[in-house]
Structures are given as structure tokens and as C-alpha cells.
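*Asks:* coordinates for the following, if possible.
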Amino acid sequence: WNWQRASSKTRYGIIAAVCILMLRFLTGKKKRPQRSERQQVKGAPGGKRKPRVRVDGVFFNRLKKISHIAMPTWSCKEAQYLYILTFLLICRSAISIAITTLAGRNGQALVARKWKDFGVGVGLFFCTSIPAAIINSTRKYIQAMLTLRIRMRLSHFVLQQYLKDMNFYKITNCAGGEVLDNPDQRVTADIQYFSEAITECWVETFKPFLDVFLFTYQLSQMIGWQGPCFMYAYFVLSWFVKTKIMPSYGRLATIESQLEGNYRTAHNKLVEHAEEIAFYDGSRRERGIVDNALGAIHKFVANSQAKRLWVNVADQLMVKYWASIAGYAVVCSPYMLDLPRVRNLTVEEATRDYITNAQYLGRLAGAVGDLVAVFNKLSASAGYTHRVFEMLDRIKWVNEKGNQPFEVKEEGQEHETYDELIGMKEFLASWKERCDGQETARLTILHDSSRDSQSFQTAAKIAEGSYIRLDNCDIVSPDGVVLVKQLNNFEVRPGMNVMVTGPNGSGKSSLFRIIGELWPLNCGSMIKPKKEHILFVPQRPYMVKGCLRDQIIYPHSHNDMKKLGITDKDLAQLLATVDPVQKITNTWGWDDEADWFTAFSGGQKQRVAMARVFYHKPRFAILDECTSAVSVEVEDAIYQIAKDLGITIFTVSHRAALKRHHDHVLSFDGRGKWSFSAVDHEKDSDFKGAFAT
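*Replies:* So this is what the prediction gives:
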């Protein structure tokens, strides 16, 4: 059979079949049992299984569904940009063939010393370069606009569904064990990366495929069928070698995006809970969390880049340099086989064919190399596709099942009565003694983590003491409003519990911001212990990123805890003082990690926060409505345990029932006035009796 004598239809058919088989080989893999898409979603970070992200049927099915959102009709704006982009890619390939042909003719004219023909060729090249530059620049512009349109279309759709009927709340709080991680990262960065990756994949798939088809035909016309077939055999062999060393780019992209989301979330939590962190003096611990998140990104990216290094080395060797060596063999093959077409060629004609064939081979090698490389980019886009689709799938699930009642688990309900555990009093007495003996060591840890800021430059006088006293002090907010005027002769001695009441904005929390050194004292004088001896507990306690142990010891680290000789058994007993049924420790282990803001109930958060108070055993604890979600029995036990440990309590609350746990009441009227009076427990006895009844 002779290629030169074959009909044009036969030639085109064979070339098309070879291109399709090669593309199928480059992008295909062995079929493996595939899980359903719902099982794929369960493999997300919120579930128990890790996702398997690769270019397979699941990926193309997800891509098809997302494409229907990005391009809802064949006549939409995005589709029009796609048509224009495709047309420009075809024009670019046609110009490449024209430039290659011109290069061969110019080489022939140069060897033959036909300067007029050479000058005409250079002029034609100059004229061709103008539309080539316009087409290339326009192609980049249209590609960027298509990326932007896809991003806008997807973002509008996702935001419309995400902000519909409180879905933004249900996705992160009502999904049970399948809470979606980093929704902000998915809605913003992941959609952007997906739009860029999928547009780039289209450009770098269609253009190389078209080039493979066109340059294969041109080469077959010039040197016969053996040239393209030899090159394809070489590329298939090189692809086989590459698959043995190529990592899963989709998996790498998914993990990197998740780590970026964790890093962003760490900063967002720092902003959202700035006041709680400042009260805990947790800057060192938070810096460690942020550094760890950044370090995880650095370690993973460095590792993935090391893996990519060897793949890139193989690409450079096999697709660029060794392919050139194979190309020399292809160019020389007609002469080595002594084909009739080249027997009677002159030197000038042979030069023309050599230059033309070399450029055809170079462009064919580049096109096949791009097809090989596009699979890497498809793998990366598979990671972004997985995360975007998972977001869309979770929104769909919330729309369908988000309003259904929660499934009740078969487990014992928590008792509301407080049954003190055997040996608890002895443990608390021992714990108090241990903490008192470790005061210097604890102060050293807290001092190392304290703020590096200088003292406020004010006219007020601040002295250190074992009690709290304010004289002639105004409480002034950052915007210059005087909340409380002339707070004078206000003194709280150790063991003297104080209840603080008043309307919102009257200065209750502002007083403790001044005592905690978050705000400057505007005037007057204040005597107070070191800030390490004061602990603030807000109504919504701060839950740090980490394990269950970290929630109790914050802002201490595990190493700090070990230095103090404290064990997990000690933490369990501290937690049992506020959780006598031990539901928390029965549900999670000390090394278990979770999103504790959603994993804990409101009451469990407050119990953990109080266990944190008992762990640190400060001299003064400020409780801002932080026992409202626990039972009355547990609440009574909390105040009694604080008393046994020698912790003086400030309670910010409007509940009159809490007066029985306090000796004095500090009241603000919201107009700058205040009053400080002792609690008459005898007059309060009627209320106690009614409450007990």
C-alpha cells in the first residue's frame, strides 16, 4: 500500500483516527471501580473519607454539570466568547503553517542566492506577522474575558443559592458530620482558579489537537507516513515512562486549596475573636497556629514542587531534547530509505524541505507535548472542579433536606442534676495547692506569651496590688464617649464576688477592658493585680483550633502543660467538675480535632470555658453571661468550686437569681452614673425559697 497513491479522504481518515487514538491513550487510564458521586462528597474534609480526585468519568460528569451553569445556552455571552476563541485558535494554526512554508522557501532562496525571491519572502513574512500579532493578542484578551465571564456566572449562581434562606448558616452549622470546610475559600478563590484552569485547558487542548492533525498531514505529504508514525511511537513511549513518575495533580491541587483555606480561616478567626484572644493574652498561641498553617502550606508546596521537578525534567528530556533527536531521524528517513520523491532533488530544494520539515516536526512535537502536559492541567482542574462541585452539591442538599428535623441519635440524654464525683473535694484541694506552688512557673509561661506593647501613655496612675481598686476614674470608649463618670472608692478584695448590671452600652464590659489593659485608663488611679492573674470568659467562649486538650489549657500549649507536670487525667477531673456525666470526654478523646465552634453545644462551650478557668486558677475571673446555657445545679457548682479554689468572681449578668453567689452589686444606669452596694442575703431569702421550690 502506497501513501502517496491513497485518496485524500483515506489520508484524512487515517490521520484523524491516529490523532483520536493518541488523544485517547494520553488522557485515558485503566478503569477502576468508581464510587457514586454522593460517596465522593462524603470523602470531603468534612466527612470521614478522603476524596479521590482524578481525571475520570466522575470528573467529566461534574464538569458537564458545572458547564451547564457557566454556559446555560448556546447563544449566551460565554458561548459567544468561546466561539470567537475557537475561531482565533484555528486562525493561529493556519498562520503557523503559512509561516513554516515561508521559512522553507526563504531558506531555498538563500541557498540558491536568489535575492529577489528572498526579499519577497521576507516581505511576506513581515506582512504575515501583523495579523499574527493581532490574532495572538486578541486570543489572550478573549481568553481572559471568557475566564471572567465564567467566574461571574458561577459566582452569581453560587452566591444566589448560598445566601438563600439562610443556607450560609445551614451549610456550616446544620450538616451534621458533613460540615463543609472553608466555604469562603470555595466561593472566592476556588471558583476563580476553576474558571482560569478550565479556560486554559480548552485553549491548550483544542489548539494542540488541531496542530497535531494539520502538521501530521503536512508531514505525511512531505516525507511519507513513516515519519509521523515514528514520532507517535516515540511520544507514546515517552508518555508511558512519564505516567510512572507523574503524581496526582488533582489531589495536590485539592490539598493545597484546603491548606490555603485553613490559613485564611486562621486569620479570619483572629479578627473575629480579637477581643477574646486579647483577654486570654493568647497572641503567642495564635501566632503559633497561624505559623503552623503557613508552615503546612510551605511544606506541602515545597514537597509538591519537588515531585513536579522530576516530571518537568522528564518533560524537558523526552518532549523537547530527545524529541529533537527523533526528529532528525524522521527528517533523514526519506533519504535513508531512498524514496522516489527525494532522489532527484537539488540542493536548494533539499534545503527547503529540510527547513520546512524541521519546523513541522518542531511544531508537531510541541503540540504533542502540549497534549501530554494538558493532562497535568486537567488533573489540577479536577481538584478545583471537585471543590466547586462539592459546594454546589452541599447547597443542593441543604435546599432539599436543610429544613428537615435533625436525626436523633440513640444515646443517653444528659442529666440536669449535679452529682458530685467521689473524691472531687480532695482533688480540688490538691489542685489549689499545686497551682499555688506553680505560680512562678505559670507566670513565666504567661509572661512569655504576653503582649509586647508598651504601657498606655496617660495621666492616670496604675499600681500593682493583690486587689482591685479604682478612684476618680472615668470609663471612656475609643470614640470619646464617657460611659461612666467618676468611678470612685470602688474596691474589690479577694473572695469578694461582685455582680455587674446595667443596660447595654452602659460600660460593663468596658470596665473590664480597662482592668484587662485592653483600653487605657483615661484619668484617676487604679490598683490591680498583674494581668496574668485576671481571666475573662465571654458569653460565647473562644474555641481555639486544635484538639480537645487545647480547649482546656488555652493559651497554654501541650508542652507548657507538660512542664507544669499536668496530665490528661488532671484535665479529665477538671472537666468533670462542670460535666459530671462526662459526656464531653465520652464523645471525644483528648487528641481529637474538630471544628469546636460547631461540634460543641452552647452548654458544652460554657462548661469547657469554666474548666479552662479552673485550669489556670486566676485570682480574679470575669464571667460575662457565661453560665446561661448550663443547668442551675451546674451553675451553683461552678460558683462553689471557684470559691473553693480561691477565685474571686465578677459576673456580668441581668439575672437576679445569681445575686445569691455574690457579695456586692455594681450597677450602671447608662447615663454615666453608678452605684456599688452590698447584697442583703437575708432579704433575698424569700427569692431563694421560691427558687428552690
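*Asks:* after the worst-scoring helix or strand of the chain on mean pLDDT, next one along is what?
*Replies:* Least confident element among the helices and strands of the chain, by mean pLDDT, DSSP states H and E: helix 37-42 (a mean of 36). The C-terminal neighbour of helix 37-42 among helices and strands, as given by DSSP states H and E, is helix 57-70.
*Asks:* list the buried residues in that following helix.
*Replies:* Residues of helix 57-70 classed as buried: 58, 59, 62, 63, 66, 70 (neighbour count, 16 or more other CB atoms under 10 Å). All C-beta spots, glycine's among them, are computed from the backbone N, C-alpha and C.
*Asks:* which residues touch residue 460?
*Replies:* By CB atoms under 8 Å, 6 or more residues apart in numbering, residue 460 lies in contact with 473, 520, 521, 522, 523, 524, 525, 526.
*Asks:* now for the residues you listed: which two are most distant?
*Replies:* Across the contacts of residue 460, the longest distance by CB to CB is 13.4 Å; it joins 520 and 525.
*Asks:* so for the longest helix along the chain, mean pLDDT?
*Replies:* When the chain is parsed with DSSP state H, its longest helix is helix 347-401. For helix 347-401, mean pLDDT rounds to 76.
*Asks:* thinking again about what came up before, got a markdown table for the buried residues of helix 57-70, with pLDDT and distance to residue 79 too?
*Replies:* Output for the buried residues of helix 57-70, formatted as a markdown table (pLDDT from 0 to 100; distance: CB to CB, whole Å):
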| residue | pLDDT | distance to residue 79 |
| --- | --- | --- |
| 58 | 82 | 25 |
| 59 | 81 | 22 |
| 62 | 85 | 20 |
| 63 | 85 | 16 |
| 66 | 88 | 15 |
| 70 | 88 | 10 |
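*Asks:* buried subset of the contacts of residue 460?
*Replies:* Buried among the contacts of residue 460 (16+ other CB under 10 Å): 473, 521, 522, 524, 526.
*Asks:* hang on, the earlier thing: can I get the contacts of residue 460 in TSV including distance to residue 125 and secondary structure?
*Replies:* Shown next, in TSV, are those (distance: CB to CB, whole Å; DSSP: H, G, I helix; E, B strand; the rest coil):
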residue	distance to residue 125	secondary structure
473	85	strand
520	74	coil
521	80	coil
522	79	coil
523	83	coil
524	86	coil
525	87	strand
526	84	strand
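*Asks:* between those, which is nearest residue 346?
*Replies:* Nearest to residue 346 among these: residue 520, at 93.9 Å, using CB to CB.
*Asks:* right, and that closest one touches residue 462 too?
*Replies:* No. With contact defined as CB atoms under 8 Å, residue 520 does not count as touching residue 462 (9.6 Å).
*Asks:* which element is the residue lying closest to residue 647 once chain neighbours are set aside on?
*Replies:* In this structure, residue 647 finds its nearest non-sequential neighbour in residue 621, 5.1 Å apart by CB to CB, 6 or more residues apart in numbering. For residue 621, the host element (DSSP H and E) is strand 620-624.
*Asks:* may I have that strand as PDB, with CA atoms only?
*Replies:* These are the backbone C-alpha positions of strand 620-624, laid out as PDB (Å, rounded to 0.1, in the frame of the first residue of the first chain):
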ATOM      1  CA  PHE A 620     -10.000  37.100  89.500                       C
ATOM      2  CA  ALA A 621     -12.300  35.700  86.900                       C
ATOM      3  CA  ILE A 622     -14.700  37.900  84.900                       C
ATOM      4  CA  LEU A 623     -17.800  35.900  83.700                       C
ATOM      5  CA  ASP A 624     -19.800  37.700  81.000                       C
END
